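J.: Okay, predicted coordinates and the sequence, questions at the end:
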Amino acid sequence: MTVEHHRLELETFLASRQAVLETWPTGADVDLEEGIRYHRSIPPHKSFAPVMRAADARGVTLLQPRAGVALVDEHIRLLQQLEQECDLLPTTVDAYTRQNRYDQAAQGVEKSRRAGHSLLNGFPAVNHGPAACRQVVDSVSKPVQIRHGTPDARLLAEVALAAGFTAFEGGGISYNLPYAKKVPLERSIRHWQYVDRLVGLYQEEGVTINREPFGPLSGTLVPPCISHAVAIVEGLLALEQGVRSITLGYGQAGNLVQDVAAIHTLRELGHRYFRDAGFDDYELTTVLHQWMGGFPGNESKAAAVIAWGGMAAALARATKVITKTPHEAAGIPTTASNLQGIQITAQIVNMMADQTMPAAPVRDLEEQMIRREVDTIMKAFFALADGDLATGAIRAVEAGVIDVPFAPSAFNAGKLLPCRDDEGAVRILDRGQVPMDEDVFRFHQDRIAARARTERRDPGFQMVIDDVYAISKGRLVGRPTA
Amino acid sequence: MTVEHHRLELETFLASRQAVLETWPTGADVDLEEGIRYHRSIPPHKSFAPVMRAADARGVTLLQPRAGVALVDEHIRLLQQLEQECDLLPTTVDAYTRQNRYDQAAQGVEKSRRAGHSLLNGFPAVNHGPAACRQVVDSVSKPVQIRHGTPDARLLAEVALAAGFTAFEGGGISYNLPYAKKVPLERSIRHWQYVDRLVGLYQEEGVTINREPFGPLSGTLVPPCISHAVAIVEGLLALEQGVRSITLGYGQAGNLVQDVAAIHTLRELGHRYFRDAGFDDYELTTVLHQWMGGFPGNESKAAAVIAWGGMAAALARATKVITKTPHEAAGIPTTASNLQGIQITAQIVNMMADQTMPAAPVRDLEEQMIRREVDTIMKAFFALADGDLATGAIRAVEAGVIDVPFAPSAFNAGKLLPCRDDEGAVRILDRGQVPMDEDVFRFHQDRIAARARTERRDPGFQMVIDDVYAISKGRLVGRPTA
Amino acid sequence: MNHPVIVLGVIGADCHAVGNRILDMYFSSRSYHVVNLGVMVSQDEFIDAAIETGAQAILVSSLYGHGEIDCAGLRDRCIERGLDDIILYVGGNLVIGKQRFEEVAAKFRTMGFDRVFGPDADLAVVDRLLRQDIKRRQPCS
Amino acid sequence: MNHPVIVLGVIGADCHAVGNRILDMYFSSRSYHVVNLGVMVSQDEFIDAAIETGAQAILVSSLYGHGEIDCAGLRDRCIERGLDDIILYVGGNLVIGKQRFEEVAAKFRTMGFDRVFGPDADLAVVDRLLRQDIKRRQPCS
Ligand code: B12
Ligand code: B12
């Protein structure tokens, strides 16, 4: 299978389309033309792109929870309750659907029906098919996005977009490395070209679908330069296929200055690389995901973690923030718990709405470091791409130039080792094959060395493990216990 | 009644002492000598001053809730549960005792006994007397402070210190203006000289009692310069009477930069004025009170307000933080709710323990403004004092040089009008008789004018009202609703 | 009853001044004649002021939790002193702790208060009800 | 039983890799011989690996909430394939939503698991129990 970085020819696209639609019976119900007509009837306040654009212009941070249950009625009720308190709605897809195991999803639906409550960790959109999905979109009055984690999301995208969802999360790298074990990059990149091309088709018809590469990746000690590079590469791939509304994402790392610097540079670098690639007719917004790693089990402590993420989002002026819930450490949240997460976030985001992180030398330094790190990775990426960015993405992962910590994929290098410094910023302990300027790498090493001195131990893997557990045990930096 | 600023002669002190102890029967049980012996037996980890000193040296922020109920056993159980999660314990005294209405407190105890739960808003320490209070101190393993709001706290102090409490909150201004209606300053200042002299007596015997002027005052839009001036004046009065361990307080105002600047300058200016007055053998620490104004009723939103206050305390490196609870808007918290407040705060303070607010020009500006405001007020105070600081305090309040917004006291000028600026910092709309350099006042006016432009309305009292309600309605700045 | 006279105050040993200040401003702006006694007002001070000014209503605030103790007997004392059908409202954080509002309201109505409000009372609603209640008590004026 | 052989893996379509990585490291450091299958492991893959390596125990992880569905029948399948008394442990966020752990544990014990652990399992305790259980099953070794 070869992948090339150019807008898929309509014919090639249509040729593969039939096969995609045939992978599950509900594919037959996908009606592109009708979908486009339906999208044209969606008022702006129910469509992702215009709502994000308006928030961006006003400099406010919108709130979006995660939520998805097995059955359609139950899912609609859930969203109707959530939309009372949030700005943007999700439809989080279950993990069987994410792996294209529609038969197992069907079983899950069946068992859920019998049990009277959801036994799936999300909404099996493909199994329910376009008409049921349309019901979901029709039953609420805010924009709804499909959120998942699917290496091959072609059928899911077909169903969801035809149904009227106005935003679609994911990308060929960000929905592969953290979510799959044995899916070659060639395959996921190609399948995501398909998704982006489909979005481009809608765009050609005047229907803007918002696309959001998945920022947090493994949610575990991901250095900003890695997630930024993935976001930018996926943005470039999407733009090429005709996508025009892009939300770049980032998972809160924990050091406030680093998090603010990350959101700022994400926006800045996104624009720079997109414009340098010749694009200028797109919209770019940002999203900060509240803490994506392990949560404390105590709900009050979880509430503090949620407020902390809201604080980072507000100070950084992310266009939206994805909220967690006090149930995070335990399991899929109840509606009540989900609402609590939104309320905590709303209060902190609103209280901080008029404040910003002060301009300061340490912030400048942090931004400068991220810029240099990303530029170095992107330079290596362009070199590997040798003119074809899709190939570049595949080669960059293969070469470990893009390397996601703790990703389960066999195709991820897994050589990069991150850990926190003395102020809790995520630094790089072992750079593996990720290219970095020597002085930048020395900066990381120095910072980690300072922590090592504080803790009177050598830098090493035990620090990484301690950092993985830290937040769930009530701290940011995993200090050795006395 | 005349008040003079010098250490009360032992004879004068002892002469008035008998009358104080006779104001309620339990006064007869106060045994100063035995109390001193008991204090000498208290291990350092159960005494306020050394625990605060150690925290200060380590740069950590300790957690202290508020808590007090009518009956001794119930109060002990409450503290024993709280000490599992906090660092410092309170014993919050009921409002009848605060007004020396011991007969009404007695009724409250009686009714509480019959009802089987507390009908008082605090622990009536005087009514229970020294032996019962000793039981409280003996039943816990962390330092315990008396927290109240009592213009005449002489008997309360006698009882509490003899019982073994190692810290005592309050002061002649801070426990008068916000807590009384008709108590002349002469009286409260003199009565607090008594309290401080009593603490000084213990100090002479080698027993250090921590003293904490009440920082938040009315808890409602208090500009930092006002609460700083009160804290410094009360600190000077206390030092003169022999107090040696002082914790200066501040109630979170809401703008993070202003709050951090406030805690920093409070420490700095406290030291400067204390040293300039010739003191050098004292210990100074700081306390930030989480948001002291009206809370949102929704408990999740209240949790966010609590986390936000913990964030301010941690970024400012206050030596301790006084925690609120999710029940704040509703009523005296249950033990569970109180624990939640502590847990939320613990999580955020610990996550932020390794981070600081970056050094930044806006922070410098904020600190510089507070310094200049406080210096101007203190200059006027020293001029009015004409060599006698106690008289100076009385005259400064009389002249409106010290003017507490929203204070109920008939002796408070009530001319100063504060409101928020466009970033939520508390500024001065009308300075009343509070002395301010013209350029500093212009800075305040300019900032408020910027907000007025944003809101397309004139600065004025409606802004103040909107600001009073804002946090309870989910924002910091009380913007007009569209 | 163009300018109904109302007495405001915070009962007992309660020093919470902010809500009282706001109630004063609010009702004054709605053309009530407001007699504001401020904080720490005793039952007799309320009644004295009501008699002195011929007030139609007394609006008692209690925030600090001792409302149950402080307000007990106020209605009887009013009657004793000749204020047979003065309107009595009470509002604030009336009891100790977070309790169901319905129960709190019932308790204070039993104590003789005409209406009971929580801390989140909508003042526009209070204004409307108060005008109604005053009108009802003075049908022929 | 100086180096007991254990099979680790995350069952079903579950991609949560972090806990698995840590379990691997932990048990390896305690001188187990760890056969780690990583994430997204099917029942048969677990059994194949156990047979192949002569493992004494299979430690199944499930974090994503489909544990109930994915684990059903594993014990029978083990017996079917000749692993009559292999030790089966399961741990993680085993069901959908926040449920009482006792009930979850009971459910999985009924499904044939010897021990059931929550996400806050203390690994030192797991280590101790596992050694005990292995010893008990091989009394004569
Ligand atoms: C990080 C994370 C992710 C990352 C994972 C990255 C990666 N590839 O590893 C990403 C963002 C990709 C992700 C995705 C999803 N996640 Co997730 N995720 C988490 C999170 C926040 C932390 C997990 C973690 O790494 N913890 C740290 C490690 C060290 O702890 P651990 O995994 O719990 O493992 C320890 C213990 O469980 C125990 N243990 C585990 N197994 C076993 C076995 C035995 C025998 C023993 C003794 C002990 C034991 O020991 C381990 C080491 O200490 C948890 C919530 C939380 N815990 O706070 C949710 C959580 C596990 N995820 C959840 C879900 C549902 C999903 C998704 C389906 C998306 C969604 N609907 O929200 C997808 C999964 C898709 C798929 N195919 O699997 C749910 C599961 C819900 C439930 N059970 O009811 C959780 C609980 C969040 C929630 N409350 O909704 N997730
Ligand atoms: C600010 C504050 C203080 C300040 C007060 C400064 C001052 N002098 O005004 C300080 C720090 C000094 C203080 C002290 C104390 N406080 Co205080 N305080 C508050 C706080 C945080 C806000 C009050 C406020 O100003 N709100 C803003 C105004 C606009 O709202 P409001 O007061 O509720 O008034 C409105 C409504 O209630 C209503 N309303 C009021 N009265 C009436 C009457 C009628 C007829 C109607 C229709 C409506 C109505 O309309 C008003 C305007 O909108 C509240 C908790 C909260 N609400 O978040 C606690 C609170 C009121 N305090 C409380 C307590 C207990 C105390 C203390 C005893 C200390 C302690 N144990 O914690 C002392 C009191 C000592 C004394 N002698 O009274 C408790 C009362 C507990 C209870 N009822 O169970 C509260 C609820 C906090 C808590 N959860 O523990 N406090």
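T.: Structure's in. What do you need? Ligands and ions are numbered 1, 2, ... in the order given.

J.: Was I right to think residue A:239 contacts residue A:245?
T.: No. Residue A:239 lies out of contact with residue A:245 (CB atoms under 8 Å); the separation is 10.5 Å. All C-beta atoms are positioned from the backbone trio N, CA, C, and that covers glycine.

J.: Mind listing the shared neighbours of these two?
T.: Residues touching both residue A:239 and residue A:245 by CB atoms under 8 Å, 6 or more residues apart in numbering or on different chains: residue A:282.

J.: Check which helices and strands the helix or strand in which residue C:48 is found sits against.
T.: For residue C:48, the host element (DSSP states H and E) is helix C:43-53. Contacts defined by 3 or more CB pairs under 8 Å, 6 or more residues apart in numbering or on different chains; DSSP states H and E place helix C:43-53 against strand C:5-10, strand C:33-36, strand C:57-62, helix C:74-80.

J.: Indicate whether the last one makes contact with ligand 2.
T.: Right, the one you point to is helix C:74-80. No. Judged by CB under 6 Å from any ligand atom, helix C:74-80 and ligand 2 are separated, with a smallest distance of 12.6 Å.

J.: which helix in chain C runs the most residues?
T.: Ranked by residue count, the top helix of chain C under DSSP state H comes out as helix C:123-137.

J.: give the contact list for the nearest residue to residue A:133 once chain neighbours are set aside.
T.: Of all residues not flanking residue A:133 in the chain, residue A:163 sits nearest, at 3.3 Å (CB to CB, 6 or more residues apart in numbering or on different chains). By CB under 8 Å, 6+ apart, the residues touching residue A:163 are A:35, A:125, A:130-131, A:133-134, A:136-137.

J.: Make TSV from those and add distance to residue B:265 and neighbour count to it.
T.: Shown next, in TSV, are the contacts of residue A:163 (distance: CB to CB, whole Å; neighbours: other CB atoms under 10 Å in any protein chain shown):
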residue	distance to residue B:265	neighbour count
A:35	61	23
A:125	56	30
A:130	62	25
A:131	64	13
A:133	58	27
A:134	60	19
A:136	54	24
A:137	54	22
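
J.: from those residues, which is closest to chain B?
T.: residue A:136 (25.8 Å; CB to the nearest CB).

J.: Quick one: residues in contact with the helix or strand encompassing the closest one.
T.: In the assignment (DSSP H and E), residue A:136 maps to helix A:125-138. The contact list for helix A:125-138 (CB under 8 Å, 6+ apart) reads A:24-27, A:29-31, A:35, A:38, A:46, A:72, A:75-76, A:79, A:91, A:93, A:97, A:102, A:105-106, A:109, A:123, A:144, A:146, A:155-156, A:159-160, A:162-165.

J.: Just confirm residue A:342 contacts residue A:63, I think it does.
T.: Yes. If you go by CB under 8 Å, residue A:342 and residue A:63 touch, sitting 5.7 Å apart.

J.: Give me the nearest residue to residue A:435, chain neighbours excluded.
T.: Closest to residue A:435 by CB to CB, 6+ apart is residue A:380, at 4.5 Å.

J.: Name the helix or strand for that neighbour, please.
T.: Residue A:380 belongs to helix A:361-385 when assigned by DSSP H and E.

J.: relative to helix B:361-385, how tilted is that helix?
T.: On the basis of axes from the mean of the first three to the mean of the last three CA atoms, to 10 degrees, helix A:361-385 is oriented at 170 degrees to helix B:361-385.

J.: What's the first helix or strand after helix A:361-385?
T.: helix A:389-398.

J.: Next, count neighbours for whichever residue of chain C sits closest to ligand 1.
T.: Nearest residue of chain C to ligand 1: residue C:98, at 28.1 Å (CB to the nearest ligand atom). By the measure other CB atoms under 10 Å in any protein chain shown, the count of residues near residue C:98 is 20.

J.: check contacts around residue A:326.
T.: Applying CB under 8 Å, 6+ apart to residue A:326 gives the contacts A:299-300, A:302-303, A:306, A:333, A:337, A:340-341.

J.: Near ligand 2, which residues of chain C are found?
T.: Applying CB under 6 Å from any ligand atom, we find that chain C lies next to ligand 2 at C:13-19, C:22-23, C:59, C:61, C:63-65, C:89-93, C:96-97, C:117, C:119, C:121, C:126.

J.: so who does residue 94 touch?
T.: If you meant another chain, say so; for now it's chain A. Taking CB under 8 Å, 6+ apart as the test, what residue A:94 contacts is A:68, A:70, A:105, A:108, A:120-124.

J.: Wait, chain C was what I had in mind.
T.: Taking CB under 8 Å, 6+ apart, we find residue C:94 in contact with C:62, C:67-68, C:71, C:104, C:108, C:116, C:118.

J.: make it 6 Å
T.: Going by CB atoms under 6 Å, 6 or more residues apart in numbering or on different chains, residue C:94 touches C:62, C:67, C:104.

J.: Any of the residues you listed buried? List them.
T.: Among these, those classed as buried by 16 or more other CB atoms under 10 Å in any protein chain shown are C:62, C:67, C:104.

J.: wait, isn't the first one in contact with residue C:93?
T.: No. Applying CB atoms under 6 Å as the test, residue C:62 and residue C:93 come out as separate, 7.3 Å apart.

J.: circling back to that earlier point, buried ones in the longest helix of chain C?
T.: Neighbour-count burial for helix C:123-137, counted by 16+ other CB under 10 Å, picks out C:123, C:126, C:130, C:133-134.

J.: what do you get for stretch A:181-200?
T.: For stretch A:181-200, a neighbour-count test (16+ other CB under 10 Å) marks A:181, A:183-200 as buried.

J.: Same check on stretch A:385-402?
T.: Counting neighbours by 16+ other CB under 10 Å, one finds that the buried residues in stretch A:385-402 are A:385, A:388-402.

J.: Next, the distance between the ends of that stretch.
T.: For stretch A:385-402, the first and last residues are 13 Å from each other (CA to CA, to the nearest Å).

J.: what's in contact with that stretch?
T.: Residues outside stretch A:385-402 that contact it (CB under 6 Å, 6+ apart) are A:3-5, A:185-186, A:189, A:229, A:233, A:236, A:380-381, A:384, A:413, A:415, A:432-433.

J.: Closest to chain C out of those?
T.: Nearest to chain C among these is residue A:229, at 49.6 Å by CB to the nearest CB.

J.: Which elements pack onto whichever strand or helix holds the closest one?
T.: Using DSSP H and E, residue A:229 falls within helix A:224-240. If you count contacts as 3 or more CB pairs under 6 Å, 6 or more residues apart in numbering or on different chains; DSSP states H and E, helix A:224-240 packs onto strand A:245-251, helix A:256-276, helix A:361-385.

J.: most packed of the ones you listed?
T.: The highest average neighbour count among the helices and strands packed on helix A:224-240, using mean count of other CB atoms under 10 Å in any protein chain shown, belongs to strand A:245-251 at a mean of 27.

J.: Adjacent strands (with direction) for that strand?
T.: Note on strand A:245-251: by DSSP bridges, its sheet partners are strand A:210-212 (parallel), strand A:283-289 (parallel).

J.: Which residues of chain A lie near ligand 1?
T.: A:66, A:92, A:95, A:98, A:121-122, A:149, A:178-179, A:216, A:218-220, A:292-295, A:327-329, A:331-332, A:406, A:408, A:468.

J.: re the thing from before, from the contacts of residue A:326, keep the buried residues only.
T.: Among these, those classed as buried by 16+ other CB under 10 Å are A:299-300, A:302-303, A:306, A:333, A:337, A:340-341.
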